Structures are given as structure tokens and as C-alpha cells.
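# this one's sequence-less:
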């Protein structure tokens, strides 16, 4: 007979594990999708709707959360929080893109100025060289 630890997890256990990881903050929803091979976000959300009440009330035997742990947020709170984080990431990505564009403009302007300075230095050097050479 196989040891319980070596047995493959049931589908329900995998779903509960995924929901627990998401609600505890160990995984973002999209990370959980990758880890558990879920292709549609709605699948994970349905798991959350099905299992989070059971996890919060400790009704799911063998996979209960200790009563000492902080109460997990509701699915809607989690999704709202995740959406807020994703919006913040998008805003930061937009700001980064703008800064990169400004940086590229500044670098181009710097290169133009450096070129002008180099040409002016060469003109000054050639003028100094002419003055230093005695006329014959």
C-alpha cells in the first residue's frame, strides 16, 4: 500500500491548495494559474468562490487553516486588490516608458552638444596653432 504522502493529490486537494496559496498571498492569481496549469482565470475564480468559504470556516477536513491565522479576505476583496495592483503596475510601466523616452532624448541632445563642443575645440586649437606659427 502506498504512503499517503506519495499518493497523487486529488483534484479537490489541488484546487484547495491553489485557493489557500492565493488567499494567503503566497501566489498571485496568474502565478497560481501557471503553477497549477489553469488556462482560464475564471476557473481559479470559481475555485475561490467554492472553497474560500469552506477554508474560512474550517469545514474542509485535512486542509483546514489554523484558527490562529488571520481571516482570509473575500474573493471580491482579493480580486479588487489584485486589480488595483495590476493597475499600479501598468501606471508604473507607463511612467518607466516615458522616462526611457525622455532619457533617450536627453542622450541624443547630449551627443549633439558634445559634437558641437568638439568642433569648437578643434577650431580654437587650429586658431591657436596659426597664431603660434610665425609668418614667413
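Arrived safely. Just so it is clear, the model here is predicted, and its values are computed rather than measured.
# tell me the spacing between residue 115 and residue 34.
For residue 115, the distance to residue 34 (Cβ to Cβ, to the nearest Å) stands at 49 Å. C-beta here means a position set from N, CA and C on the backbone, and glycine is covered the same way.
# what's the longest helix along the chain packed up against?
The longest helix of the chain (DSSP state H) is helix 75-132. With contacts taken as 3 or more Cβ pairs under 8 Å, 6 or more residues apart in numbering; DSSP states H and E, helix 75-132 sits against helix 29-35, helix 41-57.
# could I get those in CSV, plus columns for mean pLDDT?
Shown next, in CSV, are the helices and strands packed on helix 75-132 (pLDDT from 0 to 100):
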stretch, mean pLDDT
helix 29-35, 87
helix 41-57, 79
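# which strands or helices does the least confident helix or strand in the chain by mean pLDDT pack on?
Using mean pLDDT, DSSP states H and E, helix 41-57 stands out as the lowest-scoring helix or strand of the chain, at a mean of 79. If contacts are counted by 3+ Cβ pairs under 8 Å, 6+ apart, helix 41-57 sits against helix 11-24, helix 29-35, helix 75-132.
# what angle separates it from helix 75-132?
For helix 41-57 against helix 75-132, the angle by axes from the mean of the first three to the mean of the last three Cα atoms, to 10 degrees is 120 degrees.
# and the pLDDT at residue 98?
pLDDT, residue 98: 97.
# just give me the neighbour total for residue 30.
13 (other Cβ atoms under 10 Å).
# could you pull up the residues touching it?
residue 41 (Cβ atoms under 8 Å, 6 or more residues apart in numbering).
# so how far is residue 89 from it?
Counting by Cβ to Cβ - residue 30 and residue 89 are separated by 11 Å.
# could you do residue 125 as well?
53 Å.
# and residue 19, by the same measure?
Taken as Cβ to Cβ, the span from residue 19 to residue 89 is 23 Å.
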